[in-house]
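Chemist: Pasting a predicted model and its sequence here:
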Amino acid sequence: MSEVKVHKVQYRLARQLKSGAMISTATALGVAKDRLKKIEPKVLAAIEEEFARQDAAFADLKQGEAIGLIRMYGSTNRLLGLAGGAHRLENMGKAALSLCDLLDAQNGVVPADLRPIRVHLDALRILKTDLDERDQAIVLAGLTKVRTHKAQQASD
């Protein structure tokens, strides 16, 4: 008859809970913020790459090519994720989400009026800067108006 060996996995979190070697929430948040600060330059470089992709996709849209909508949406979706890499880019993330909503509403058809998309692209670049919070709120409110106006046009 063969012998059965049982191996119990030791989880690090379980060990920490048993030992009481826990750190405070404030300390954990501080460590996380420090880590985000370290990756921020890479995040900003990746954002610039996405801006270049958006410019290329916008050129496709100007030519009436629907593939530009797909490329623009993909790039904007990536920007939304990158905005989470730095706290100061939170409003840029909101603008990216707004642009995703606008692009999704096109249902794969290149709009005749590309100005709402251009306004969003410009807003993304503005919100990447160190603009003060009040001015960022004004930019976001403007994007909401653009989206609302565009939605009203579509329903007419």
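Modeler: Structure's in. What do you need? Numbers count the residues shown, from 1 in each chain.
Chemist: Next up, identify which helix or strand the closest residue to G68 other than its chain neighbours is on.
Modeler: With sequence-adjacent residues excluded and distances taken as C-beta to C-beta, 6 or more residues apart in numbering, G68 is closest to D60, at 3.0 Å. C-beta: built from backbone N, CA, C; applies to glycine. Using DSSP states H and E, D60 maps to helix 25-62.
Chemist: May I see the buried residues of that helix?
Modeler: 43, 46-47, 50-51, 53-54, 57-58, 60-61 (16 or more other C-beta atoms under 10 Å).
Chemist: just those now: which is nearest K94?
Modeler: Nearest to K94, judged by C-beta to C-beta, of the buried residues of helix 25-62 is I47 at 14.6 Å.
Chemist: Check the separation of the first and last residues in stretch 129-136.
Modeler: Stretch 129-136 has an end-to-end distance of 10 Å (C-alpha to C-alpha, to the nearest Å).
Chemist: Tell me which residues of that stretch come out buried.
Modeler: In stretch 129-136, counting by 16+ other C-beta under 10 Å, buried: 131, 136.
Chemist: Make residue 1 into 582 and carry on from there
Modeler: I'll keep to 582 as the first residue from here, and by that count the last item is stretch 710-717.
Chemist: Quick check: mean pLDDT of it?
Modeler: Stretch 710-717 carries an average pLDDT of 93.
Chemist: Show me how far it is from its chain's centre.
Modeler: Remark: stretch 710-717 is offset 17 Å from the chain centroid, using C-alpha atoms, centre = their mean, to the nearest Å.
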